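Peer 1: No letters, just coordinates:
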């Protein structure tokens with residue numbers, strides 16, 4: 001694979017992971033709020 005495209009793919013993957021983490025985290029916080 002070309003190194004440049006590999007880097008771009010990796011950056012997009014990292015952004016995707018960050019979005020997923022934020023989504024899970026916010027959902028987790030909402031569940032905690034509901035428990036109280």
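Peer 2: Looks like it came in fine. This one's a predicted model, so the numbers in the text were calculated from it and none came from an experiment. Numbers count the residues shown, from 1 in each chain.
Peer 1: okay, CA-based contacts and neighbour counts for the rest of this
Peer 2: Fine.
Peer 1: What about residue 10, how many residues nearby?
Peer 2: Residue 10 is flanked by 12 other residues according to other Cα atoms under 10 Å.
Peer 1: per-residue confidence averaged over the helix or strand it falls within?
Peer 2: Here residue 10 sits within helix 3-35, counting by DSSP states H and E. Averaged across helix 3-35, the pLDDT comes to 88.
Peer 1: what separates that helix from the chain centre, distance-wise?
Peer 2: 1 Å (Cα atoms, centre = their mean, to the nearest Å).
Peer 1: list the buried ones in it?
Peer 2: Buried residues in helix 3-35, counted by 16 or more other Cα atoms under 10 Å: none are found.
Peer 1: Which neighbouring elements make contact with it?
Peer 2: Counting contacts by 3 or more Cα pairs under 8 Å, 6 or more residues apart in numbering; DSSP states H and E, helix 3-35 packs against no other helix or strand.
Peer 1: check contacts around residue 15.
Peer 2: Not one residue lies near residue 15 by Cα atoms under 8 Å, 6 or more residues apart in numbering.
Peer 1: mind checking how far it is from residue 30?
Peer 2: Distance of residue 15 to residue 30, computed by Cα to Cα, to the nearest Å: 23 Å.
Peer 1: Repeat that for residue 24.
Peer 2: 10 Å.
Peer 1: So residue 23 versus residue 17, what's the distance?
Peer 2: Where residue 17 is concerned, residue 23 sits at a distance of 10 Å (Cα to Cα).
Peer 1: And residue 7, by the same measure?
Peer 2: For residue 7, the distance to residue 17 - Cα to Cα - is 15 Å.
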